[in-house]
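In: I need the structure of the sequence given here:
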Amino acid sequence: MVLIILSICLIVNKLDYLLNYHYYRSTIAMPNKTSAKKALRQSTKREVANKIIKTNLKWLFKQGQILIKQGNKTEASQIAIKFQKAADKAVKHNVLSKNAANRKKGNLMNAVNKLSA
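Out: Below you'll find the predicted structure:
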């Protein structure tokens, strides 16, 4: 059930952002040179992709915290593993710094491990 909600939230967030990214970029003046136009297109695509990755990370972290507060260790540990994978991918794509990812992974895993103690 959690995975279904995760996929629905990600799809809705992705579609909303993709459909409205021109709105978010409307405040920037249109460049004149072709290389600058291409750079603007590339940065817009990267911005959308990075936003999706960050939203996914925040959602996974929040779901992990909710499950920890409920005391559900098995689902919390599964979400923590998914969060670790997502954080490593974010580091790989330079969306999140290595230290920030390690800190967040450590905080979540420490909270999960305290449930069994």
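In: what's residue 94 in contact with, if anything?
Out: Counting by C-beta atoms under 8 Å, 6 or more residues apart in numbering, residue 94 touches no other residue. For glycine as for every other residue, the C-beta is placed from the backbone atoms N, C-alpha and C.
In: which secondary structure state does it sit in?
Out: With DSSP: H, G, I helix; E, B strand; the rest coil as the basis, residue 94 sits in coil.
In: ok, it to residue 103 distance?
Out: Remark: distance between residue 94 and residue 103 (C-beta to C-beta, to the nearest Å) = 17 Å.
In: ok, residue 83 next?
Out: As judged by C-beta to C-beta, residue 83 and residue 103 stand 12 Å apart.
In: the helices in this structure, which residues?
Out: Counting by DSSP state H, residue ranges of the helices within the chain are 2-19, 21-24, 34-70, 73-92, 98-116.
In: pLDDT below threshold where in this protein?
Out: With pLDDT under 70 as the threshold, the chain has low-confidence stretches at 1-28, 117.
In: on that earlier part again, highest mean neighbour count out of the helices of the chain?
Out: Highest mean neighbour count of those: helix 73-92, a mean of 18 (counted as mean count of other C-beta atoms under 10 Å).
In: residues touching residue 93, list them.
Out: Under the criterion of C-beta under 8 Å, 6+ apart, the neighbours of residue 93 are 49, 50, 53.
In: do residue 71 as well
Out: Taking C-beta under 8 Å, 6+ apart as the criterion, residue 71 is in contact with residue 115.
In: now do stretch 29-45: distance to the chain's middle.
Out: Between the centre of stretch 29-45 and the centre of its chain there are 25 Å (C-alpha atoms, centre = their mean, to the nearest Å).
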